[in-house]
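Novice: turn this into a structure:
(2 chains)
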2 protein chains.
Amino acid sequence: MLNVLKKGGLLFFSIFAFAQYSISQHPVSFFTKEESLLVRSNIKIQPLLNESFQILKKETDLWLNKEVDVPFPKDPAGGYTHERHKANYLLMFNSGVLYNITGEQKYADLVRKILLKYATLNPTLKNHPQATSTSPGRIFWQALNDANWMVYTGMAYDLVYNGLNEADRKIIEEGAFKPEVDFVTKDLSPWFNLIHNHAVWATAGVGMIGIATNNQTYIDLALEGSQHNGSSGFYALLDQLFSPDGYYTEGPYYTRYALLPFIIFSNALNNKYPSKNIFTYRNSILKKAINTAIQYSNTNGMFFALNDAIKDKDYTTSEMIMALDIYTRAYGLDTTFLPIAKKQHSILLTKSGIQIAEAFNKQKNNTALFPYKTIENSDGAKGNKGGVSILRSGEGKELTSLIYKYSSHGLSHGHYDKLNINLFDKGNEILQDYGAARFVGVEQKYGGRYLPENAGFATQTIAHNTIVVDETSHFNGSEKTSEQFWPVKNYSNFKNEKVLAISVSDSNAYKNVILKRSLFMLTLPDQPKLIIDIFHTQSSNPHQYDLPFYYMGQFIHSSVDYRYAKNTMSPLGPKNGYQYLWKEGEAKVKDTIVQMTFLNERDFYTISTMVKDTASILFARIGANDQNFNLRRDPAFIIRKNSTSPSFISVIEMHGKYDPVNEVTSNANSIVQKIQELENSALFSVVKITLKTGELLFIEIKNDTSSTSDHQYRYNNSDITWKGPYLVLFNGKNINK
Amino acid sequence: MLNVLKKGGLLFFSIFAFAQYSISQHPVSFFTKEESLLVRSNIKIQPLLNESFQILKKETDLWLNKEVDVPFPKDPAGGYTHERHKANYLLMFNSGVLYNITGEQKYADLVRKILLKYATLNPTLKNHPQATSTSPGRIFWQALNDANWMVYTGMAYDLVYNGLNEADRKIIEEGAFKPEVDFVTKDLSPWFNLIHNHAVWATAGVGMIGIATNNQTYIDLALEGSQHNGSSGFYALLDQLFSPDGYYTEGPYYTRYALLPFIIFSNALNNKYPSKNIFTYRNSILKKAINTAIQYSNTNGMFFALNDAIKDKDYTTSEMIMALDIYTRAYGLDTTFLPIAKKQHSILLTKSGIQIAEAFNKQKNNTALFPYKTIENSDGAKGNKGGVSILRSGEGKELTSLIYKYSSHGLSHGHYDKLNINLFDKGNEILQDYGAARFVGVEQKYGGRYLPENAGFATQTIAHNTIVVDETSHFNGSEKTSEQFWPVKNYSNFKNEKVLAISVSDSNAYKNVILKRSLFMLTLPDQPKLIIDIFHTQSSNPHQYDLPFYYMGQFIHSSVDYRYAKNTMSPLGPKNGYQYLWKEGEAKVKDTIVQMTFLNERDFYTISTMVKDTASILFARIGANDQNFNLRRDPAFIIRKNSTSPSFISVIEMHGKYDPVNEVTSNANSIVQKIQELENSALFSVVKITLKTGELLFIEIKNDTSSTSDHQYRYNNSDITWKGPYLVLFNGKNINK
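Specialist: Modelled structure (predicted):
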């Protein structure tokens, strides 16, 4: 046939090649044959591509003449059998990629050898001996890892399909794959049908095996779930886990994790069934999801630690390298991602990998950074379950990001942290979210699982920069209740980048207490950046209200005269996370401004807070009752008010510079002199802040959030008028225009 | 004259230029006229030079049309007047440099204007209102800062000398300089005549003013001290502050600080009196000093924190930029310094600056790192007062540095830390020296001075990784006593880089207790790097012995069953630094091996220690009684033995890898299984360490440190023979050969 067609010239040859691939249909999971040939021809001319290829080849070649162990499952995460099985699926996948690029049979043989071992092992497996959850694994301690195995091993099988004989295929499909697919879709069908990142992996795993083994039943199971009623499966997950603007409900840490099966299976599906147009599904939801994911990172690439999150994960993870690759293939090259590709310094051996490498070479000397911007995301499939906003100011290394969380609970990895804020500045975490208490993959730390201190402390409200009422977490720490409620945004306005404003209320986290937090981020000329944090409470009974600030850095100075725990130190409370906090110091204050300055790297930060009547200031440190040293010994500054409806009005100020190399310090002192609540009525909230450099006035309308309503307020014997739910005056001038 | 000579051509012109400079003799302090012209002509062709020039010009030009404040001294370090006066002398110096390079009078005028203000201010000054020490300053709170002012202002004056008229010169010399010189040489003559870094600055300041004002009396005062008997002054400081091999007795942090006046004044002196050959003085002691200083840094450039030291200081400080510049001028270009120049990314506007920039450009793509190596330094002017050794293994990012301190006290900034060790690995601090408790330049922190917790904690023995007897610091914390004693090295052998060995004894830190610590750093094929730490004590009475390890990182696991301070925490003791440590946990152990694993960044470290009979294991945390949050809340792992002459035998193991990005963990567990002391007699110390991978045997001769003596030991029914004071066997094989 080749001979005949060759007469027709190159055009025919191409069509023929395409036709051949359509018939054999392998590989399609990771790339197509055509694409692998393009990669082969580009390796010599693209240095970055060649680098990626050589690394892959070097790692894989080590195993060509070695026996690969496929041990009987025994250990939890971090242990030998766990790490070996993980390494095995990556090795098979890599070897499958190399088989196509090099055309060398030895790489297919390596995969074959390992798969045959799994074909012997898998039918013998029962639940893993270390399984502790309701979704036990077989090869691994939890089913999630088995799903990971299915995704990669499915791809590996597809990649070497043409290098296997029929007999081996049958053995592998029956022995290695069927037991796993049956296990997750039948034994674990409730888990398989969840709306949760685990299910994304599980459906992608089953679907990938379906594509690799030409098994339509598996593909349908993956797309529609095992109930086939639209409530579960891959499409349902695409529908329900993301808000319409691309926010993933579990938060950025798990976005990263869930994105991989989403995009990798979409890519395979798109190769096999281009007509399904999976990449434009739901108004190109995956495009929005990837863009959003990256906006939820610090300038160093670290994902913001909302909900359960380990602070080591950045956008150089393999998931995000894959995400950029498949994004490029599906939606075209977006050059704003190049700074991220640069930091990843790794591309996939694909057509889009080549495209990124080429673009990268062209822009080699371009020092542009990723364009982080102020964004506002809704949460929930319909976008009606609260949301998250990131208020941003400054560029490059000077970027400030204030993260305001008023989303829904975020499934099983959610924290009880309604109206929580976190602050990043100059690349550093300034007011932290603790993240998760877990050392993923470290066997000595509870087998790498979530530690008991995660539920005990990290998820509790007191571990966050938001108000705790009566030492009880939001929704009394019930996930089931928390899933049913979310805060309501009163207003936000990000048009004027000098005055970013947002206000959100919550009336469900506590029965009979309404919480309302309005935030203003001011970037005024010749002034330090300021965040004005007006946190109102409303109740008909007295309560104890605690507002912590988990500041990161070296305590420098506090205006209050506190009693330090000199000779003995006790925990802050008996439960709900309080038992994990030592009380390092305490001050009783009355009618004053309380200030606390700390130093993060080379910058000073001051929290100034108004105390009207009395308050306690607590200096806390994580660590009490932390028997196994599972938590970091980080500090918190807590404002405690015992009253009916106290206001917490604070200014977070980013000021000054400490240069220990040149021993020069500048602006180490706060410019905030006074904070006054002039009115807090049913109609108005009026706050006056006296700075060394002038006077700020914030007026907020309590009962009307319309941006077009006209308002009037009498101040200093004259009437101020404006439109919309708030007004910010600096030295009498409306700076919100 | 120019016209006449021009006929003679270029050669004559050059000579003429030289002759003219010889007559006027200004500038000579920083560079000569000739050199400044060379810089001028090179700015356009050397990008790095141009960059340095533009930065200098930009900063200085800001002040050309502004009034520069010369305020009446009032504030401590970090306060306005302090920072202003500091900025002033740097501004004057920079403007003086620019005057010569650009030839523009406006730069001389700027210096003149400021100097005239000082000429008015200085005669009116008494001791600074914030002065607290025995060496008060006048412009600043301490005389040391006045000496800094003298060095820079002296240079500035010399640089603009030719741009001032005779009348102004007289006013400045009489008004600005004379009161300062008189003050430090007369009022503060005991301080001026000290052997201490302050005196280096003071003599360099007086000498620099002498050179700038052509005042031979000042120059003689500087070189010989005010007693003119050889016991003080610049020469005496060069003689006494460095050991013959270039170790500066106060430690690396102050080396950096003292080097600047040493080299800057030497440079000026050399320009004015080349025949004095100051750079070859004492076998080129300054050359050795600069080389040694750089060896005492971590791969990230940070100086090791021996004695009082702030951990923010690295080799990018202005002192070290100056050091590299003057080194190049005095001793020629050393290309091994180029990686450091690269990190400094700044050169001086001098002839050697040009030379460094040129070399740098040529080697732009050279990724070589600075060649850190194992070194051994003596301490004391004669090299007979103990010393410091740095045992190193690995290259580049894999470098391990074990610092062993057995020096003399180190003057007023010394710590009570005989036989202390610190460990750096992969660029990180693993076993820390706390350094100094001080926030230099931060006014809110005690005016930027040394904090009370420095003497209270940081200098005390318990703040170090060495043995404390009976909760009392070495020499009972008396500097005067400590100054009189130093440990004695038994032997060291760094020839075999796989087995680095050193042993040192101290019999003075405690009365009636002899301490002897032998260290072996092993880098064996296919094994984790190991440090074997054999610490013997010898006494005739029972004592409490504490050996802390201030580990840096996340506690992962301990083999002991400790009782954690759950609901209340108390300090470890009442005094000598113990009052600053919280007791977080405690375990009682008996006849066992105790292991503690921690994670630093992405690497695991395990300390395994032998317990023969009983011991307590204490988990401590800095912070008790730290009323003002002046100390970092870092942890320590303390081994406590109550006995007469217990041995502390430990293995510090660098193993495994935690990769949270790819979620892969390897070798997270220690390979050390057993540690046994087979013999500890008057003749032999024999230690056996059982690893998963084999058996290590260490035999040490107690009474003969000669490297040529023959020895014999009966082990496992056969006689082992060897030469020298120790033997290391791995699986029966002598690996020390």
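Novice: what helix or strand is the residue in the stretch 51-200 of chain A that chain B sits nearest to located in?
Specialist: Closest to chain B within the stretch 51-200 of chain A is A:G78: 4.8 Å, counting by CB to the nearest CB. Heads up, the C-betas are built off the backbone N, CA and C, glycines and all. Here A:G78 is covered by no helix or strand, with elements defined by DSSP states H and E.
Novice: what score does it have for pLDDT?
Specialist: What the model reports for A:G78 is a pLDDT of 80.
Novice: list the contacts of it.
Specialist: Applying CB atoms under 8 Å, 6 or more residues apart in numbering or on different chains, we find A:G78 in contact with A:G441, A:V442, A:E443, A:Q444, A:K445, A:G447, A:G448, B:T665, B:A668.
Novice: can you do 6 Å?
Specialist: Contact analysis of A:G78 by CB atoms under 6 Å, 6 or more residues apart in numbering or on different chains lists A:G441, A:V442, A:E443, A:G448, B:T665.
Novice: a helix runs through the second one, doesn't it?
Specialist: No. According to DSSP: H, G, I helix; E, B strand; the rest coil, the state of A:V442 is coil, so it is not within a helix.
Novice: from what I can see it touches A:L451, true?
Specialist: No. Counting by CB atoms under 6 Å, A:V442 does not reach A:L451; the two are 10.3 Å apart.
Novice: looking at these two, which one has more neighbours?
Specialist: Shown here are A:V442 and A:L451; by other CB atoms under 10 Å in any protein chain shown, A:V442 has more neighbours (24 against 20).
Novice: give me the nearest residue to the residue of the stretch 51-200 of chain A closest to chain B, chain neighbours excluded.
Specialist: A:E443 (3.0 Å; CB to CB, 6 or more residues apart in numbering or on different chains).
Novice: swap in A:T292?
Specialist: If you skip the residues right next to it in sequence, A:T292 has A:G246 as its closest partner in space, 4.0 Å away by CB to CB, 6+ apart.
Novice: and what of A:L599?
Specialist: A:Q554 (4.6 Å).
Novice: look up how far A:S266 lies from that neighbour.
Specialist: A:Q554 sits 47 Å away from A:S266, going by CB to CB, to the nearest Å.
Novice: give me the distance between the strand or helix carrying A:Y107 and the centre of its chain.
Specialist: Following DSSP H and E, one finds A:Y107 within helix A:105-121. Taking the mean of its C-alpha atoms, helix A:105-121 sits 36 Å from the chain's own mean (CA atoms, centre = their mean, to the nearest Å).
Novice: what's that helix in contact with?
Specialist: Helix A:105-121 has contacts (CB under 6 Å, 6+ apart) with A:64, A:68, A:70, A:88, A:92, A:95-96, A:98-99, A:156, A:160, A:163-164, A:168, A:171-172, A:175-176.
Novice: so which residues on the stretch 551-700 of chain A come close to chain B?
Specialist: Neighbours of chain B within the stretch 551-700 of chain A, by CB under 6 Å from any CB of the partner chain: A:555-557, A:564, A:566, A:568-570, A:625, A:627, A:629, A:633, A:660-661, A:663, A:665.
Novice: would you list the buried entries among these?
Specialist: Buried members of these, counted by 16 or more other CB atoms under 10 Å in any protein chain shown: A:F555, A:I556, A:H557, A:Y564, A:M569, A:N625, A:F629, A:R633, A:P660, A:V661, A:E663, A:T665.
Novice: out of these, who's nearest B:Q227?
Specialist: Taking CB to CB as the measure, B:Q227 lies nearest A:E663 of those, at 31.7 Å.
Novice: which non-adjacent residue is nearest that closest one?
Specialist: Nearest in space to A:E663, with sequence neighbours left out and distances taken as CB to CB, 6+ apart, is B:G441 at 4.8 Å.
Novice: tell me which residue lies nearest the centroid of chain A.
Specialist: A:P252 (1.3 Å; CA atoms, centre = their mean).
Novice: hang on, A:A381 packs against A:L238?
Specialist: No. Using CB under 6 Å as the test, A:A381 is too far from A:L238 to be in contact (9.8 Å).
Novice: save the contacts of A:G78 as JSON lines, and put in pLDDT and distance to B:Y550 too.
Specialist: Compiled in JSON lines, those are given as follows (pLDDT from 0 to 100; distance: CB to CB, whole Å):
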{"residue": "A:G441", "pLDDT": "83", "distance to B:Y550": "27"}
{"residue": "A:V442", "pLDDT": "89", "distance to B:Y550": "22"}
{"residue": "A:E443", "pLDDT": "88", "distance to B:Y550": "26"}
{"residue": "A:G448", "pLDDT": "88", "distance to B:Y550": "27"}
{"residue": "B:T665", "pLDDT": "80", "distance to B:Y550": "25"}
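Novice: returning to that earlier point: dump the residue contacts of the residue nearest to A:T292.
Specialist: By CB under 6 Å, 6+ apart, the contact set of A:G246 is A:K288, A:A289, A:T292.
Novice: for the residue lying closest to A:G230 once chain neighbours are set aside, what is the enclosing helix or strand?
Specialist: Spatial nearest neighbour of A:G230, excluding adjacent residues (CB to CB, 6+ apart): A:A236 at 6.2 Å. Under the criterion of DSSP H and E, A:A236 resides in helix A:234-240.
Novice: same thing with A:L91?
Specialist: Per DSSP H and E, A:L91 falls inside helix A:80-102.
Novice: packing partners for that helix?
Specialist: helix A:33-42, helix A:47-61, helix A:105-121, helix A:143-160 (3 or more CB pairs under 6 Å, 6 or more residues apart in numbering or on different chains; DSSP states H and E).
Novice: which positions in chain A make contact with chain B?
Specialist: Where chain A comes near chain B, counting by CB under 6 Å from any CB, the residues are A:78, A:312, A:317, A:440-442, A:444, A:555-557, A:564, A:566, A:568-570, A:625, A:627, A:629, A:633, A:660-661, A:663, A:665.
Novice: in strands only, show me those residues.
Specialist: In this view, these that belong to strands under DSSP state E are A:F555, A:I556, A:H557, A:Y564, A:T665.
Novice: farthest pair within those residues?
Specialist: Spatial extent of these (CB to CB) is set by the pair A:Y564 and A:T665 at 25.1 Å.
Novice: residues near the closest residue to chain B within the stretch 301-450 of chain A, how many?
Specialist: Residue nearest to chain B within the stretch 301-450 of chain A (CB to the nearest CB): A:D312, separated by 3.5 Å. The number of residues packed near A:D312 is 18, by other CB under 10 Å.
Novice: quick one: pLDDT of it?
Specialist: Reported pLDDT for A:D312: 85.
Novice: and it, what does it touch?
Specialist: Applying CB under 6 Å, 6+ apart, we find A:D312 in contact with B:P660.
Novice: distance of it from A:Y253?
Specialist: Applying CB to CB, the value for A:D312 to A:Y253 is 10 Å.
Novice: now do A:S95
Specialist: The gap separating A:S95 from A:Y253 is 30 Å, by CB to CB.
Novice: those two - which one has more neighbours?
Specialist: Using other CB under 10 Å as the criterion, A:S95 and A:Y253 rank with A:S95 on top: 29 against 24.
Novice: would you confirm that that one contacts A:T60?
Specialist: Yes. Counting by CB under 6 Å, A:T60 is a contact partner of A:S95 at 5.2 Å.
Novice: tell me the buried residues in stretch A:310-330?
Specialist: For stretch A:310-330, burial by neighbour count (16+ other CB under 10 Å) applies to A:310-317, A:319-330.
Novice: output the lowest mean pLDDT helix or strand found in chain A.
Specialist: helix A:2-6 (a mean of 29; mean pLDDT, DSSP states H and E).
Novice: and the nearest residue to A:Y446 once chain neighbours are set aside, how many neighbours?
Specialist: What sits nearest to A:Y446 in space, not counting adjacent residues and going by CB to CB, 6+ apart, is A:P452, at 7.5 Å. When neighbours are counted by other CB under 10 Å, A:P452 registers 13.
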